[in-house]
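1. Give me coordinates for this.
(chains A, B, C and D)
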2 protein chains.
Amino acid sequence: MSNDSHILGLLPSRLKEARRQQGLSLDAVAKLSGVSRSMVSQIERGESSPTIATLWNLTKALQVDFAGLLEESTTADRIEVLRDGQVPTIENRGEGCSIRILSPPEDAGKHEIYDIHFAPDGELDSNPHTRGAREQLSVIDGCVDITSGEATQRLGAGDTARYAADVTHCIRAVGGPARVFLVVRDA
Amino acid sequence: MSNDSHILGLLPSRLKEARRQQGLSLDAVAKLSGVSRSMVSQIERGESSPTIATLWNLTKALQVDFAGLLEESTTADRIEVLRDGQVPTIENRGEGCSIRILSPPEDAGKHEIYDIHFAPDGELDSNPHTRGAREQLSVIDGCVDITSGEATQRLGAGDTARYAADVTHCIRAVGGPARVFLVVRDA
DNA sequence: CGCCTGATTCCGTTATTTTGGATTTTTTCC
DNA sequence: GGAAAAAATCCAAAATAACGGAATCAGGCG
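-> Numbers count the residues shown, from 1 in each chain, chains lettered A, B, ... in the order given. Okay, the predicted model is just below:
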């Protein structure tokens, strides 16, 4: 879509700008980065899709942030509304929980926000997320047990817990239905 | 060098985790992304340095953020609990609202999570945050009006809104008390 | 104008990625 | 246990990124 190749289309100009801003010639960054002049030229002109290895070398030479180089330039200025009925929901009847996905798809991998409703004794088991990921959970209604790795804690309404999500972890409603707000922060 | 392959060395495992987490096989992501099974396997095993084009396709298929995939990581390992009564709370900062700060102090400036209770006609005015900051707001109870810059939207229970927070913005309860969950993501 | 200096692009060669199918390994089910 | 199915890996060709030198382009000066 417009978004997809947008970054790839933006990347060349960003690199070129970074180089120009430091008053460097192709030859100069070639020597600094170990990438040939020709390659730098082709990349800056969008005629070649660099490997991440060479791109990494360029970012070092140009002193730009690898991740930041590929960030979206989100300068939106409107309110995006997701109505109650339109919220993407994962029903998990066997486990007795339904997961409402509140965060936008483009944030997946960085930031995910969920509104989770548990039936009595409902349970949500999760495999480890990316290394370093952490979750923050706030109980809106009911009572739940949280397990992260070896540790377990019981939370009531109003309580909040933060824990590592890069290990197997689990949320389980106890003594009735429950509702929690879950924010996953990937590393 | 020592630093060179740090991220590059992490990338394979992160991709693999992302795939596993969704229960996808190599073949499945191959079909989704248009990248051959063999390539995905090689990349996940660190035996090949993908071009950004193919890596981009993988991120789309795996629904992970391109930039986030290359971020540094930090790890911890216990459950940190904040009891209902212990939550730091700001009373009446706007008019007729109390703000419960759920996110840890060390995350201030990056991500902040709030649980906000409004009295009838309660209001919270905020000055612009750092440039590029965005807020995501979910209504738990009641009804609120959101204003971000020029735009205004009315939300009811269950609705979610996302909007720019680097302009003056405002949340106001209408027709009675309200409760919302607010996640601020600073740029 | 003609020449020189520096930067960028073009081109043939080499190295690496990417692919599709064959092979091996793992899982599942009887 | 053993067979069938699925998943992951290995292995050839094909495609393409990467390199180094030659050709082209853009200014500045005698």
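2. and the host helix or strand of A:Leu10, average pLDDT?
-> Using DSSP states H and E, A:Leu10 sits in helix A:4-21. With pLDDT averaged residue by residue, helix A:4-21 scores 75.
3. Output that helix in PDB, but only the C-alpha positions, please.
-> Below are the C-alpha coordinates for helix A:4-21, written out as PDB (Å, rounded to 0.1, in the frame of the first residue of the first chain):
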ATOM      1  CA  ASP A   4       4.400  -0.400   2.700                       C
ATOM      2  CA  SER A   5       7.100   0.700   0.300                       C
ATOM      3  CA  HIS A   6       7.000   4.200   1.700                       C
ATOM      4  CA  ILE A   7       9.800   3.600   4.100                       C
ATOM      5  CA  LEU A   8      11.900   1.900   1.400                       C
ATOM      6  CA  GLY A   9      11.300   4.800  -0.800                       C
ATOM      7  CA  LEU A  10      12.200   7.200   1.900                       C
ATOM      8  CA  LEU A  11      15.300   5.500   3.000                       C
ATOM      9  CA  PRO A  12      17.500   6.600   0.100                       C
ATOM     10  CA  SER A  13      16.800  10.300   0.500                       C
ATOM     11  CA  ARG A  14      17.300  10.000   4.200                       C
ATOM     12  CA  LEU A  15      20.700   8.500   3.800                       C
ATOM     13  CA  LYS A  16      21.700  11.000   1.200                       C
ATOM     14  CA  GLU A  17      20.600  13.900   3.400                       C
ATOM     15  CA  ALA A  18      22.600  12.500   6.300                       C
ATOM     16  CA  ARG A  19      25.700  12.300   4.200                       C
ATOM     17  CA  ARG A  20      25.200  15.800   2.700                       C
ATOM     18  CA  GLN A  21      24.500  17.200   6.100                       C
END
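4. counting contacts, what elements does the helix or strand following it pack onto?
-> Sequence order places helix A:26-33 as the next helix or strand after helix A:4-21, per DSSP H and E. Contact here means 3 or more Cβ pairs under 8 Å, 6 or more residues apart in numbering or on different chains; DSSP states H and E; on that basis helix A:26-33 packs against helix A:37-44, helix A:52-62. C-beta coordinates here come from the backbone N, C-alpha and C atoms, glycine included.
5. Contacts for the longest one, please.
-> Around helix A:52-62, the neighbours that count as contacts under Cβ atoms under 8 Å, 6 or more residues apart in numbering or on different chains are A:15, A:18-19, A:22, A:24, A:29, A:32-35, A:39-40, A:43, A:50, A:65-66, A:69, B:4, B:7-8, B:11, B:49-52, B:55.
6. What score does A:Leu155 have for pLDDT?
-> 87.
7. got the residues of chain A near DNA strand C?
-> A:25-28, A:37-38, A:41, A:44-45, A:51, A:53 (Cβ under 7 Å from any atom of the strand).
8. How about the contacts made by the closest residue to A:Ile171 other than its chain neighbours?
-> Closest residue to A:Ile171 apart from its sequence neighbours, by Cβ to Cβ, 6 or more residues apart in numbering or on different chains: A:Leu124 at 4.7 Å. Contacts of A:Leu124 were listed using Cβ under 8 Å, 6+ apart, and they are A:92, A:95, A:97, A:99, A:116, A:118, A:170-172.
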